[in-house]
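Trainee: How does the following fold in three dimensions:
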Amino acid sequence: MIDPKRESVLIEQVLAGRKEVFAELVDAHKNKIYGLLRSMGAGHQDAQDYTQEAFVKAYRKLASYRLESSFASWLYTIAVNVLRDAGRRKSFPQAPEEEAYQAVRDENTPERALLRKEARQEALQLVRELPEQYRLVFLLRYTNELSYDEISSVTGLTVDQVRNRLHRARKQLQKKLKGKEGISREMLESCSDGRVHS
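Mentor: Here you go, the predicted model:
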């Protein structure tokens, strides 16, 4: 992540005409944007395209960004809107997990690493099965680490609605987790930490 003060300086430099500085903002946020789009159902190539489209839109609208608000949540709002616009044009197939998500580090043996990877993929699938209104707030909170206020700003929901949807998402996931061995809550909460592949 990038220091918010540094981020503000970069934004001011871009607005002052130093267009090349925008690349540093892109580098700081592209993985989180991509991971969110993948977890919301976009395939690998689509998520890359939508990530790029979100940054193009952000660059064009940069003058309308208010420096006192969170740049990350402003970007997520743009990315979610890009995804929704695309969703109106087509529906997404289920994306294969292995393309977008890092392999779990092999801490002991290859067999253990494989079991952990499978559990991570199962957890990811459980998150993907949530209804969209719950999935989005869950991912923004646990993957993108936004505050309730920031999630409210991205989704247009009130803070109480955000709390309510997070509570319902967790309840649904807890229900699904019963009977699923090897999937911890921590793994479930981190299962959609995507990385951009070129």
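Trainee: okay, CA-based contacts and neighbour counts for the rest of this
Mentor: OK.
Trainee: Quick check: chain neighbours aside, which residue is closest to the residue positioned nearest the centre of the chain?
Mentor: Using Cα atoms, centre = their mean, the residue of the chain that lies closest to the mean C-alpha position is residue 36, 2.2 Å off. Nearest non-adjacent residue to residue 36, counting by Cα to Cα, 6 or more residues apart in numbering: residue 139, 6.8 Å away.
Trainee: Could you check the helix or strand hosting the one you found and say which residues are buried?
Mentor: Taking DSSP states H and E as the definition, residue 139 sits inside helix 132-142. Neighbour-count burial for helix 132-142 flags 134, 135, 136, 137, 138, 139, 140, 141, 142 (criterion: 16 or more other Cα atoms under 10 Å).
Trainee: Helix, strand or coil: sort out the residue nearest to the centre of the chain for me.
Mentor: Three-state assignment for residue 36 (DSSP: H, G, I helix; E, B strand; the rest coil): helix.
Trainee: Relative to residue 18, how far out is residue 12?
Mentor: Distance of residue 12 to residue 18, given as Cα to Cα, to the nearest Å: 9 Å.
Trainee: before we move on, what about residue 62?
Mentor: The gap separating residue 62 from residue 18 is 13 Å, by Cα to Cα.
Trainee: And the two? Which one has more around it.
Mentor: residue 62 (17 against 12; other Cα atoms under 10 Å).
Trainee: can you tell me which residues contact the more buried one?
Mentor: 11, 15 (Cα atoms under 8 Å, 6 or more residues apart in numbering).
Trainee: Model confidence score at it, please.
Mentor: Looking at residue 62, its pLDDT is 94.
Trainee: Distance check, it against residue 74.
Mentor: Note on residue 62: its distance to residue 74, by Cα to Cα, is 10 Å.
Trainee: in the protein, which segments are predicted with low confidence?
Mentor: 1, 89-121, 123, 179-198 (pLDDT under 70).
Trainee: all strands of it, in order?
Mentor: Read by DSSP state E, the chain holds no strands at all.
Trainee: quick one: the helices in it?
Mentor: Here the chain has its helices, by DSSP state H, at 4-15, 22-39, 44-61, 71-89, 97-100, 110-128, 132-142, 148-155, 159-177, 185-190.
Trainee: What count of nearby residues applies to residue 33?
Mentor: If we define neighbours as other Cα under 10 Å, then residue 33 has 29 of them.
Trainee: was I right about it contacting residue 80?
Mentor: No. The pair residue 33 / residue 80 is not scored as a contact, 9.1 Å apart, by Cα atoms under 8 Å.
Trainee: Touching, residue 76 and residue 154? I think so.
Mentor: Yes. Taking contacts as Cα under 8 Å, residue 76 lies within contact range of residue 154: 6.4 Å.
Trainee: what about these two, which has more around it?
Mentor: residue 76 (26 against 23).
Trainee: how about residue 55, what does it touch?
Mentor: Residue 55 is in contact with 26, 75, counting by Cα under 8 Å, 6+ apart.
Trainee: Please look at residue 136 and residue 40 and confirm they touch.
Mentor: Yes. Using Cα under 8 Å, residue 136 is in contact with residue 40, at 7.1 Å.
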